[in-house]
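K.L.:
Any chance you can model this:
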Amino acid sequence: MGNEINKVAIIGMGPSGIAAAIYLKRSNISPICFEENEIGGKLNIIHEIENYPGFIGDGKDLAVKFTEQVKHFEIDIRKESVRSISKNDDGNFDLKTDKSAYRFQAVIIAAGIRNKPFKVPGSDAYFENGLSRCAECDAPFHKNKPVAVIGNTSEALKDTEYLSSICNPVYLINPNETFQASEKEMTSLHSLKNVMVFSSSEIVASSGARRLEHLVIKNKVSGEEKTLDVEGLFIFLGSTPMSEFLGYMDVLDEKGQIKVDEHMRTPVEGLFAVGDVRNAVLRQVITAVSDGGVGAVSCRAYLHDKEQK
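P.N.:
Numbering: from 1, shown residues only. Here you go, the predicted model:
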């Protein structure tokens, strides 16, 4: 590790990290950004976007636009995987990647979340079109159409309730016998007349021409199979914020999300978190971009105050 102390590191170049980098660069602060995958993050695997103002189309096309803007500002992006971050007694941060080691005055974490892997049998035939992990994003594409949900947590039930207000019917597939939800949430679920629940069930096959059209589910107890005609499947089997590199820093809540205030500041001075990795109420492209702007401005203020001391 050299003696050079850089100003800001940004970990992750999805929408929130990109926004943070642009705001900092336009403030004459040149961040060093780390992204081991494609610029744009999960935008690259989203088929349709219509709730980001000024843009309607494929997520990958929006990622291309973001990438062009990053190149316009000549933002320094390094294809490296961050392995650890620690704060020193001098108030600076040591950051280690799979290729090198750095020291920074401040760090913005925009690493996003990692969805629990789940492969729908047969989905390669229709290129996974019709599969989603975001009800808020994709429910309107299936207005008054049949969809299915797989999951058994409180979050899955909340999204099922939301889907039931737009789609019809909604088939809720519970891989387990019971739900990990409160009595109040279960009562609310049972009151939904257009929701059919299949517990102790798994998806054993799916088919479709250009997108999902049929799901075959199997009851794990009886062995009975049933075909559901649907045009969408919402997968809510859990996700994990990508924050393993934080080590023993006490900045996570009970769900593993990074705790921040309204200024995107974590409990550790000089450490900021934006986008899906933080304790967010809503995880959308538009909120991620907003987070990035707020985090960058807060980081800039932190660096200014540090220089004045």
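K.L.:
contacts, neighbours, all on C-alpha from now
P.N.:
Noted.
K.L.:
any low-confidence regions in the stretch 1-150 of the chain?
P.N.:
Filtered on pLDDT under 70, the stretch 1-150 of the chain yields the residue ranges 1-2.
K.L.:
show me where it has helices.
P.N.:
Secondary structure of the stretch 1-150 of the chain by DSSP state H, counting those that start in this stretch: the helices cover 15-26, 59-72, 135-138.
K.L.:
Which strands and helices lie in contact with the shortest one?
P.N.:
The reference is to helix 135-138. Packing contacts for helix 135-138, counted by 3 or more Cα pairs under 8 Å, 6 or more residues apart in numbering; DSSP states H and E, involve helix 154-164.
K.L.:
list the buried ones in the helix it packs on?
P.N.:
Buried residues in helix 154-164, counting neighbours by 16 or more other Cα atoms under 10 Å, are found at 154, 156-161, 163-164.
K.L.:
follow-up on the earlier one: so which of the helices of the stretch 1-150 of the chain has the densest surroundings on average?
P.N.:
Highest mean neighbour count among those (mean count of other Cα atoms under 10 Å): helix 15-26, with a mean of 25.
K.L.:
Need the residues that contact that one.
P.N.:
The contact list for helix 15-26 (Cα atoms under 8 Å, 6 or more residues apart in numbering) reads 10-11, 30-31, 33, 40-41, 66, 70, 73, 75, 108-111, 274-275, 285, 288-297, 300.
K.L.:
Report the contact partners of G232.
P.N.:
Contacts for G232 (Cα under 8 Å, 6+ apart) come out as 130-132, 142, 146-148, 212-213.
K.L.:
Now do it against K218, distance only.
P.N.:
In this view, G232 and K218 are 18 Å apart by Cα to Cα, to the nearest Å.
K.L.:
same thing with S182?
P.N.:
26 Å.
K.L.:
And the two? Which one has more around it.
P.N.:
Neighbours were counted for S182 and for K218 using other Cα atoms under 10 Å; K218 has more, 22 against 11.
K.L.:
Buried residues in stretch 189-209, which are they?
P.N.:
189, 195, 198-203, 206-208.
K.L.:
Narrow those residues to those in strands?
P.N.:
Among those, the members found in strands (DSSP state E) are 195, 198, 201-203, 206-207.
K.L.:
closest to K119 among the residues you listed?
P.N.:
For these, the residue nearest K119 by Cα to Cα is I203; the value is 9.7 Å.
K.L.:
which residues pair with the closest one across the strands?
P.N.:
On the basis of DSSP bridges, I203 is bridged to I217.
K.L.:
For it, which residues are in contact?
P.N.:
Per Cα under 8 Å, 6+ apart, neighbours of I203: 120-121, 215-218.
K.L.:
Dump the residues you listed into TSV; add distance to L172 as well.
P.N.:
Shown next, in TSV, are the contacts of I203 (distance: Cα to Cα, whole Å):
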residue	distance to L172
V120	15
P121	17
L215	12
V216	13
I217	11
K218	13
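K.L.:
Select from those residues the one having the most neighbours.
P.N.:
Counting neighbours by other Cα under 10 Å, L215 leads the contacts of I203 with 26 neighbours.
K.L.:
ok, then the element right after the helix or strand that one falls within?
P.N.:
Assigned by DSSP states H and E, L215 falls within strand 214-219. Counting by DSSP H and E, the next helix or strand C-terminal to strand 214-219 is strand 225-229.
K.L.:
That next one vs strand 201-207, what angle?
P.N.:
Orientation check (axes from the mean of the first three to the mean of the last three Cα atoms, to 10 degrees): strand 225-229 against strand 201-207 gives 60 degrees.
K.L.:
Note down every partner strand of the very next helix or strand once past strand 225-229 and its orientation.
P.N.:
Heading C-terminal from strand 225-229, the first helix or strand you meet, by DSSP H and E, is strand 232-235. The strands beside strand 232-235 in its sheet (DSSP bridges) come out as strand 131-132 (parallel), strand 147-150 (parallel).
K.L.:
what's the following helix or strand after strand 232-235?
P.N.:
Counting by DSSP H and E, the element after strand 232-235 in chain order, helix or strand, is strand 239-241.
K.L.:
pLDDT on that next one, on average?
P.N.:
Here strand 239-241 scores 84 as its mean pLDDT.
K.L.:
got a list of what M196 touches?
P.N.:
M196 touches 169-172, counting by Cα under 8 Å, 6+ apart.
K.L.:
Adjacent strands (with direction) for the lengthiest strand in the chain?
P.N.:
Identified as the longest strand of the chain according to DSSP E is strand 101-109. In the sheet, strand 101-109 lines up against strand 6-11 (parallel), strand 93-97 (antiparallel), strand 271-273 (parallel) (DSSP bridges).
K.L.:
hey, which of those strands is tucked in deepest?
P.N.:
strand 271-273 (a mean of 28).
K.L.:
Please work out which residues outside it touch it.
P.N.:
Here strand 271-273 has contacts from 106-110, 258-260, 264-266, 295, 299, using Cα under 8 Å, 6+ apart.
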